[in-house]
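Participant: here is my input; please provide its structure:
(2 chains)
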Amino acid sequence: MTGFSKVAVYRQDMPPRGGYSPIPWARVPSRRIPLWPFVSLWFASNIFGYFYHMSEKREYWRNEMEMDESRSCIEPVLLAEQDRIVLRQYRANRDEETKLMKDVPDWEVGTWFGEKVFKSRTYFPDRPHVLDYYGLARPSTQRLDINASQWQI
Amino acid sequence: MSFTHDLKLPTYEELECPVVNVSSAALRAGSFHLAKYCDLQFKEFMLCRQEEQDPRKCLNESKDVTLCSIDFFRRVRDTCNDTFTTFWTCLDNAREGEMSFNYCKQEQRAFEQCAKDKMNLERPEAGYFSMVRMHDSKRPIPSDPFRIGSVDRHPPKLDIPNPPSISQANEYPEAKLGMKFGQRKPWMFESKLWD
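Facilitator: You can find the predicted model right below:
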């Protein structure tokens, strides 16, 4: 053969000795915290909270009913005094009106130029109308009464 | 102002009556025992008011109510003054001006104990005053001024005994709702508080 006495030396890119290491192809799941403690805590708190909430509700309504009952126990006392005050005021208003309209011709006390307010002969209001009560008073009286009724002594 | 002279209004002398000189906190403090003590007068007055619809006709009953309540507070002042005073001052200083009972339970218990021991007045059970109470009185039934139909009185049909008091509540465990079957259904909520 001619021209093959000198051989070119080169390095071939071969796999390493022993072969390549295995390629990791399996899935690598992310780091996670377990869900069951939270779910169980939530469920337990629901169950416990249901019964606790129901007992609290019962207690709340018991207290509310106690307050309402005390108000309705006191009601007759206040109504009795209120009735007397209102009747006293009616009488004072009627007397005041007679004094005021003494010299007005053709004025019947309690009517509007002869037109009666209460047409029925048997009716008497059990609750006073604002004008019946405060009609002849100075404007500050109503404001003072509102103040007094809102401020509990 | 809208009352003519032919309408009969009571005179000042007829309307004279002493006043219950007690503040609203003290009224609320003594309310249950007051309603137990003056039960008859209260019922008479409210019945009269409801039937006649006329405050002029119920003046005597209203005076009875006021005098009975004054008598009650005088009795409390004579026997149970200290507990009562602590109780109503506690209510007065309650949170937010509500005068609610759940901030003053201790003083309430002390006053109830004192009322039971010294005045022989037991507070009725918790739901008593919310219930409809019937009453029959010796006053004649008024005519039907507003043509309602029938102004009937419904006297209580049975001889109802006194309601159980709070101290007796523990003796009747089966009266508590939901206890009848030993809490067989713990998931069911009884919406009725009392039976």
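
Participant: mind listing residues that contact stretch A:11-27?
Facilitator: Outside stretch A:11-27, no residue is within contact range by Cβ atoms under 8 Å, 6 or more residues apart in numbering or on different chains. In short, each C-beta sits where N, CA and C put it, glycine included.

Participant: repeat for stretch B:10-25
Facilitator: Under Cβ under 8 Å, 6+ apart, the answer for stretch B:10-25 is A:77, A:81, A:84, A:87-88, A:91, A:152-153, B:27, B:56, B:59, B:62-63, B:66-67, B:69-70, B:73, B:88-89, B:91-92, B:99.

Participant: I'd like to know which of those residues are buried.
Facilitator: Among the contacts of stretch B:10-25, the ones that count as buried by 16 or more other Cβ atoms under 10 Å in any protein chain shown are A:77, A:81, A:84, A:87-88, A:91, B:27, B:56, B:59, B:62-63, B:66-67, B:69-70, B:73, B:88, B:91-92, B:99.

Participant: how does chain B divide into domains?
Facilitator: For chain B, automatic domain parsing gives the domain ranges B:12-130, B:165-195.

Participant: average pLDDT for the last one?
Facilitator: Yep, that's domain B:165-195 we're talking about. When pLDDT is averaged along domain B:165-195, the result is 58.

Participant: now swap in stretch B:97-112 and tell me
Facilitator: In this model, stretch B:97-112 has an average pLDDT of 92.

Participant: ok, now stretch B:133-146?
Facilitator: The model assigns stretch B:133-146 a mean pLDDT of 78.

Participant: need the three-state assignment for residue A:121.
Facilitator: Assigned state for residue A:121: coil (three-state reduction, DSSP: H, G, I helix; E, B strand; the rest coil).

Participant: separation between it and chain B?
Facilitator: Look at residue A:121 and chain B: by Cβ to the nearest Cβ, to the nearest Å, they are 9 Å apart.

Participant: thinking again about what came up before, just the domains of chain B: most buried one?
Facilitator: Among the domains of chain B, judged by mean count of other Cβ atoms under 10 Å in any protein chain shown, the one packed with the most neighbours on average is domain B:12-130 (a mean of 18).

Participant: so residue B:10 belongs to a strand, correct?
Facilitator: No. Using three-state DSSP, the assignment for residue B:10 is coil, not a strand.

Participant: packing partners of the helix or strand containing residue A:77?
Facilitator: For residue A:77, the host element (DSSP states H and E) is helix A:36-100. Judged by 3 or more Cβ pairs under 8 Å, 6 or more residues apart in numbering or on different chains; DSSP states H and E, helix A:36-100 is in contact with helix A:130-134, helix B:24-29, helix B:31-37, helix B:39-52, helix B:59-79.

Participant: could you dump those helices into TSV with distance to residue A:8 and mean pLDDT added?
Facilitator: Formatted as TSV, these follow (distance: least, Cβ to Cβ, whole Å; pLDDT from 0 to 100):
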stretch	distance to residue A:8	mean pLDDT
helix A:130-134	124	90
helix B:24-29	116	94
helix B:31-37	119	95
helix B:39-52	127	90
helix B:59-79	126	96
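
Participant: take these and write them to CSV, including distance to residue B:153.
Facilitator: Conversion of these to CSV gives the following (distance: least, Cβ to Cβ, whole Å):
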stretch, distance to residue B:153
helix A:130-134, 31
helix B:24-29, 29
helix B:31-37, 21
helix B:39-52, 8
helix B:59-79, 15
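
Participant: ok, which of those helices comes nearest residue A:122?
Facilitator: For residue A:122, the closest of the helices and strands packed on helix A:36-100 is helix B:39-52, at 10.8 Å, according to Cβ to Cβ.

Participant: is the closest one anywhere near chain A?
Facilitator: Yes. Helix B:39-52 lies within reach of chain A by Cβ under 8 Å from any Cβ of the partner chain, at B:41-42, B:45-46, B:49.

Participant: can you list those residues in TSV and add distance to residue A:35?
Facilitator: TSV is the format used below for those (distance: Cβ to Cβ, whole Å):
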residue	distance to residue A:35
B:41	68
B:42	63
B:45	67
B:46	63
B:49	66
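
Participant: go ahead and flag the most central residue of chain B.
Facilitator: By Cα atoms, centre = their mean, chain B has its centre lying nearest to residue B:35, at 3.1 Å.

Participant: what's near enough to touch it?
Facilitator: Residues near residue B:35 by Cβ under 8 Å, 6+ apart: A:73, B:42, B:129.

Participant: surely residue B:134 is within a helix?
Facilitator: No. Applying three-state DSSP, one finds residue B:134 to be coil, outside a helix.

Participant: do you know how far it is from residue B:44?
Facilitator: Going from residue B:134 to residue B:44 by Cβ to Cβ, to the nearest Å gives 13 Å.

Participant: burial count for residue A:58?
Facilitator: Under the neighbour criterion other Cβ atoms under 10 Å in any protein chain shown, residue A:58 is assigned a count of 14.
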